[in-house]
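Chemist: Dropping a prediction and its sequence here:
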Amino acid sequence: MENFIAYNPTTLHFGKNILTSLGTTLKEYGNRVLLVYGKGSVKKSGLYDRIMDGLKMEGFEVSEYGGIKSNPVIEDVDAAAAIGREHHVDVILAIGGGSVIDSSKIISVAIPVQNPGWDFFTGKAKATKAIPIVAILTLAATGTEMNPFAVVSNHALGQKSAFGSPLTFPKHSFLDPGLTLTVPRDYTAYGVADLIAHCFEAWFGIGETTLTDRFVISIVKEAMEFGPKLMGDLHNYDYRERIMFAATMALNGMTMYGRSTGDWGVHSAGHCLSLLYDVPHGASLTIVYPAWMRHFKGQIGDRIAQLGSALFDEKLTDVESIDRIEAFFKSLGCPTRLSDMNIPGEPGEALFQSMVHTKVNGGHMKMQEEDYRALIGLYL
């Protein structure tokens, strides 16, 4: 087991009707609110009107930025930060899924120092202050509601990168599973896949820690039990609740206790698919993960066979484990080849160049250009 520090300051509000305490929570930080949200679902569902009416009734001064994309871009971060500076906001209220909350994390550190958001990714700016973030989660997937990490794209530079700071943990996150009942089938499936992939990235990291391994297996088995049930009954609150809880636990730190690093090579490669072709994040992971396991199965010891045997409650080889995991992703309706996404042309060379440009790599299983070629050949 590796040495570790456990730290998570986010207060989680979980369950039905937990938004009743939203106003009181926001008042802890001030009266001027920057409301950040996505491209339409928050308004179609009626949640936007409900939140705005409540904020106005309680006397908050609200400025807003809407239109965060599902693969968030740095231009939206900078535009929202400018609004926040102009209105001297006290707190950011992020309503949405991972894209909105991730964007809000960079907005929060950009406002006080007036730097472009990308400066935090390059190291030109350091996070020394942050506007507090209160999040309302509407998509169970990324776990961003209880961690400090943010991933944003810069298309001008051809990069999709991650940033994290102790300052970018949300102060409070409100998780009402009922707010995810309107999430469509494809993004529901991608969310289940995303939380599983987060667990896999921890599993294939560095550090032998049996108890944490049991955390990982338990979370994935929860997703594998209730994910298919949810796909068969998208309006079932109980299934939504279980998947939402699993997604939060998959990336709030507990799957990393006793490890010095996760791998994250699959995420690194998947970002290229999202950057070039706007492939949804969860879909990029189900495309890359089976290929990654097939490529590295001879180098990663018995971890793949251990994983498959634990998940499916029978003794499996590494190849059998990969096949079963891939079949599960397919059963959800997730793609497992890039061809499943109907990408036009022959994307192999563009992907290779993107992987070279962004220096795709893992924390445990290191990659060279020959690994890029092999991976691409396995998931085209």
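Modeler: Okay, I see it. These numbers come from a predicted model, not from an experiment.
Chemist: The residue nearest to the spatial centre of the chain: what's it in contact with?
Modeler: Compute the mean C-alpha point of the chain, and by CA atoms, centre = their mean the closest residue is Thr142, 2.6 Å away. Applying CB atoms under 8 Å, 6 or more residues apart in numbering to Thr142 gives the contacts 97-98, 101-102, 194, 198, 247, 251, 281. To be clear about C-beta, it is placed using only N, CA and C from the backbone, and glycine gets the same treatment.
Chemist: how about the helices of the stretch 101-250 of the chain, start to end?
Modeler: For the stretch 101-250 of the chain, applying DSSP state H, counting those that start in this stretch gives helices covering 118-122, 185-203, 210-231, 237-250.
Chemist: Just name the most buried of these.
Modeler: Most buried of these, by mean neighbour count (mean count of other CB atoms under 10 Å): helix 185-203, with a mean of 25.
Chemist: Quick one: mean pLDDT for that helix?
Modeler: In this model, helix 185-203 has an average pLDDT of 98.
Chemist: and that helix, how far from the chain's centre?
Modeler: Centroid separation for helix 185-203 versus its chain: 9 Å, with CA atoms, centre = their mean, to the nearest Å.
Chemist: can I see the domain layout of this structure?
Modeler: The chain breaks down by automatic domain parsing into domains covering 11-180, 185-379.
Chemist: and the end-to-end length of the last one?
Modeler: Using CA to CA, to the nearest Å, the end-to-end distance of domain 185-379 comes out at 23 Å.
Chemist: next one: the first one
Modeler: Its start and end residues considered, domain 11-180 measures 20 Å (CA to CA).
Chemist: Check stretch 81-98 too.
Modeler: Stretch 81-98: ends 18 Å apart by CA to CA.
Chemist: got it, and stretch 326-340?
Modeler: This stretch, stretch 326-340, spans 14 Å end to end (CA to CA).
Chemist: list the buried ones in it?
Modeler: Neighbour-count burial for stretch 326-340 flags 326, 328-329, 332-336, 338, 340 (criterion: 16 or more other CB atoms under 10 Å).
Chemist: what's the answer for stretch 297-311, then?
Modeler: Buried residues in stretch 297-311, counting neighbours by 16+ other CB under 10 Å, are found at 297, 300, 303-311.
Chemist: Model confidence score at the residue nearest to the centre of the chain, please.
Modeler: pLDDT, Thr142: 97.
Chemist: just Leu12 next, same as before
Modeler: Listed pLDDT for Leu12 reads 98.
Chemist: Correct me if wrong: it contacts Thr248.
Modeler: Yes - using CB atoms under 8 Å, Leu12 is in contact with Thr248, at 7.1 Å.
Chemist: mind putting the buried residues of stretch 326-340 in a markdown table, distance to Ala374, secondary structure and pLDDT included?
Modeler: Converted to a markdown table, the buried residues of stretch 326-340 look like this (distance: CB to CB, whole Å; DSSP: H, G, I helix; E, B strand; the rest coil; pLDDT from 0 to 100):
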| residue | distance to Ala374 | secondary structure | pLDDT |
| --- | --- | --- | --- |
| Glu326 | 17 | helix | 98 |
| Phe328 | 23 | helix | 98 |
| Phe329 | 20 | helix | 98 |
| Leu332 | 26 | helix | 98 |
| Gly333 | 27 | coil | 98 |
| Cys334 | 22 | coil | 98 |
| Pro335 | 19 | coil | 98 |
| Thr336 | 17 | coil | 98 |
| Leu338 | 15 | helix | 95 |
| Asp340 | 20 | helix | 96 |
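Chemist: Redo the residues you listed as JSON lines? Include distance to Asn71.
Modeler: JSON lines is the format used below for the buried residues of stretch 326-340 (distance: CB to CB, whole Å):
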{"residue": "Glu326", "distance to Asn71": "24"}
{"residue": "Phe328", "distance to Asn71": "24"}
{"residue": "Phe329", "distance to Asn71": "20"}
{"residue": "Leu332", "distance to Asn71": "20"}
{"residue": "Gly333", "distance to Asn71": "20"}
{"residue": "Cys334", "distance to Asn71": "17"}
{"residue": "Pro335", "distance to Asn71": "16"}
{"residue": "Thr336", "distance to Asn71": "20"}
{"residue": "Leu338", "distance to Asn71": "16"}
{"residue": "Asp340", "distance to Asn71": "18"}
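Chemist: Pull the most distant pair out of these.
Modeler: Phe328 and Leu338 (19.0 Å; CB to CB).
Chemist: Quick check: Ala156 vs Pro116, distance?
Modeler: 12 Å (CB to CB, to the nearest Å).
Chemist: More neighbours: the two, which one.
Modeler: A count of neighbours by other CB atoms under 10 Å puts Pro116 above the other of Ala156 and Pro116, at 16 against 10.
Chemist: Looking at per-residue confidence, what score does that one get?
Modeler: For Pro116, the model assigns a pLDDT of 97.
Chemist: And the contacts of Thr142, which is closest to Leu34?
Modeler: Ile101 (13.3 Å).
Chemist: thinking the closest one is in contact with Ala135, fair?
Modeler: Yes - the criterion here is CB under 8 Å, and Ile101 meets it with Ala135 at 5.0 Å.
Chemist: shared neighbours, these two?
Modeler: Counting by CB under 8 Å, 6+ apart, the common neighbours of Ile101 and Ala135 are 94, 144-145, 170.
Chemist: Format those as JSON lines; extra columns: neighbour count and distance to Thr180.
Modeler: Output for those, formatted as JSON lines (neighbours: other CB atoms under 10 Å; distance: CB to CB, whole Å):
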{"residue": "Ala94", "neighbour count": "29", "distance to Thr180": "15"}
{"residue": "Thr144", "neighbour count": "31", "distance to Thr180": "14"}
{"residue": "Glu145", "neighbour count": "30", "distance to Thr180": "12"}
{"residue": "Pro170", "neighbour count": "26", "distance to Thr180": "17"}
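Chemist: Cross these against strands and list the overlap.
Modeler: Ala94 (DSSP state E).
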